[in-house]
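Chemist: Fold the stuff below for me.
(chains A, B, C and D)
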2 protein chains.
Amino acid sequence: MAERDSDRCVSQTVRAQLRLRDLILSGDLRPGERISELQAVETTGASRTPVRMALVRLEEEGLLEAIPSGGFTVKAFSERDVLDSIELRGTLEGLAARFAAERGVSSRDLEPLKGCREEIDGLVQQDRISIEAFSSYVTLNARFHALLTELSRSPPLIRQVDRASALPFASPSGFVMTQSELPQAHETLLIAQDQHRVVIDAIENREGTRAEAIMREHARLASRNLRLVLKNKTHSDLLPGLALIRTAGD
Amino acid sequence: MAERDSDRCVSQTVRAQLRLRDLILSGDLRPGERISELQAVETTGASRTPVRMALVRLEEEGLLEAIPSGGFTVKAFSERDVLDSIELRGTLEGLAARFAAERGVSSRDLEPLKGCREEIDGLVQQDRISIEAFSSYVTLNARFHALLTELSRSPPLIRQVDRASALPFASPSGFVMTQSELPQAHETLLIAQDQHRVVIDAIENREGTRAEAIMREHARLASRNLRLVLKNKTHSDLLPGLALIRTAGD
DNA sequence: TTCCGGATCAATGTATACACGTACTTCATC
DNA sequence: GATGAAGTACGTGTATACATTGATCCGGAA
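Modeler: Model (predicted):
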């Protein structure tokens, strides 16, 4: 079998997991649809054992739901589920920011976060933000949130934040690309970046409550974007996983 | 093979998972120790396939850690890890209480929670609380917390609360039994029960912030108990999983 | 004596065969 | 014609054999 180089390095289990996740998030596997192991075996090229392993992991990830009599279906999410997932992620990031502020962070440890913020500054202060700039923003924003979470220095919390951010529409950068063509895009990025600035300031001054509150509010920017995207369902292709959200119309 | 009746009903995977979890929480498998699949096969009586399944689930549960080169080790927790896990659980329960308060709960839906609270009242208002009463409290307290979380009517949140409560020392009822022989035991139960009363009141009056704050504080009772238990390591047998906590002395 | 390299062994990753349970379809009877 | 029961087929749960990778130990050379 002619395999791509990138595929030969990783285990069959991981390959199957990545492939199946793609199929789910792209909408090729519809919400509510049962996933047949044999069908998954054909699709992924791996045998049943790694496929079953991948299915279990995708269930823990939240993309699949176990059927009591055996097997899995693709999970469907209501708009409320997604909004709650975003609020949840914001709450956990808020806790991380509070931990960082209350426990104190050395200026040395704060350096990477500040550097990341400055890089984002360079992007959002342009007059016109290109699509490539949005793409860079996604990467930098993900790094900012990861660095911030790590400042809590709490492995259990970091673990939970990661799990809460696993669903693409709940992740910190989930709705950035979808908003790229909305009229208020630039304004939103400026506000988000100001919140980044505020949370660093709060952590430096050991203002735990302030740090927590601003991260919660920060997540609500994503909620706003979700509502906008669902209202005019135009840029669905920019957010993998949007196919899993069943709206009232469906 | 002579099997117990209870074992014949469930799958080998679940049996292996339960057995391995017992071994880990009881301390038979030491923190940091590598878990051999073959050894686990001998212990559980299941074959390698369900054992591997169980190991993956226990990893997601947080009791095991994956080794990059393959296999798993038993996870070790610092005192800080445990305190953070409790704070995390309290934060999520606080969010659930806030959701319930803000979104409103009908008096009909609130009935089970109030009934549960009254049952607990019957226990804690005795002059002397027997060990059996403590045991009943554990059950009722677990039910109270489960009912409360469900009032959020948010599947994603309920899911995360359950996961955060999976570790025995992070669960709402984790430290109840350990405190049963401490002098301040009765006082602690009275305080905890008052917090139960307050959160119901807050939800009824749609006071979201109050409901959230009281649940966070409620979890901190568990933190207090943890510190007491670790100070005089006497009642270790009353909390499965205490063997996973490595203190400075180890 | 120490370090590097190769070989052997063990443990995990993978594949497949088999068994059991469930669901669906068909036939018979009411 | 409809309903119930039985049989068949499909799909998951389990077991085991095989392959592959990583670790350890021993030997030789510097």
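
Chemist: Spell out which residues make up each domain of chain A.
Modeler: Annotated domains of chain A cover A:5-74, A:79-241 [automatic domain parsing].

Chemist: Torsion angles phi and psi at the residue minimising distance to the centre of chain A?
Modeler: Nearest residue to the geometric centre of chain A (C-alpha atoms, centre = their mean): A:S171, 1.9 Å. The phi/psi pair for A:S171 (degrees, to the nearest 10) reads phi -70, psi 160.

Chemist: out of the domains of chain A, deepest packed?
Modeler: Mean neighbours per residue, mean count of other C-beta atoms under 10 Å in any protein chain shown, is largest over the domains of chain A for domain A:79-241, with a mean of 19. All C-beta spots, glycine's among them, are computed from the backbone N, C-alpha and C.

Chemist: returning to what we had before: flag whichever of the domains of chain A has the least confidence on average.
Modeler: Lowest mean pLDDT of the domains of chain A: domain A:5-74, a mean of 89.

Chemist: does chain B sit close to that domain?
Modeler: Yes. Against chain B, domain A:5-74 shows contacts by C-beta under 8 Å from any C-beta of the partner chain at A:T49, A:R52, A:M53, A:V56, A:R57, A:E60, A:G62.

Chemist: Inside helices: which ones of those?
Modeler: A:T49, A:R52, A:M53, A:V56, A:R57, A:E60 (DSSP state H).

Chemist: Which ones, among those residues, also lie beside DNA strand C?
Modeler: A:T49, A:M53 (C-beta under 7 Å from any atom of the strand).

Chemist: Phi, psi for the residue in chain A positioned nearest to DNA strand D please.
Modeler: Of all residues in chain A, A:G70 sits closest to DNA strand D, at 2.9 Å by C-beta to the nearest atom of the strand. Phi and psi for A:G70, reported as degrees, to the nearest 10, are phi 110, psi 150.

Chemist: what does A:E42 give?
Modeler: phi -60, psi -40.

Chemist: same question, A:R163
Modeler: Dihedral angles for A:R163 - degrees, to the nearest 10 - are phi -70, psi -40.

Chemist: List the residues that contact it.
Modeler: Residues in contact with A:R163 (C-beta atoms under 8 Å, 6 or more residues apart in numbering or on different chains) are A:E61, A:G62, B:Q160, B:R163.

Chemist: Isn't the second one up against A:L167?
Modeler: Yes. A contact is recorded between A:G62 and A:L167 when judged using C-beta atoms under 8 Å, the distance being 5.6 Å.

Chemist: if I look at A:K75, how far off is DNA strand C?
Modeler: 19 Å (C-beta to the nearest atom of the strand, to the nearest Å).

Chemist: List the residues that contact that residue.
Modeler: A:P31, A:G62, A:L63, A:L64, A:E65, A:L244.

Chemist: Likewise for A:A96?
Modeler: A:L148, A:T149, A:L151, A:S152, A:S154, A:L157, A:I158, A:V161, A:M215.

Chemist: quick revisit: please identify which two of the contacts of A:K75 are farthest apart in space.
Modeler: Greatest spacing in the contacts of A:K75, by C-beta to C-beta: A:P31 and A:G62 (12.8 Å).

Chemist: Am I right that A:E65 is in a strand?
Modeler: Yes. With DSSP: H, G, I helix; E, B strand; the rest coil as the criterion, A:E65 is assigned to a strand.

Chemist: hey, where'd the strands end up in chain A?
Modeler: According to DSSP state E, chain A carries its strands in the segments A:34-35, A:64-66, A:72-74.

Chemist: re the thing from before, what residues are up against the residue nearest to the centre of chain A?
Modeler: Listed by C-beta under 8 Å, 6+ apart, the contact partners of A:S171 are A:R89, A:A142, A:S165.
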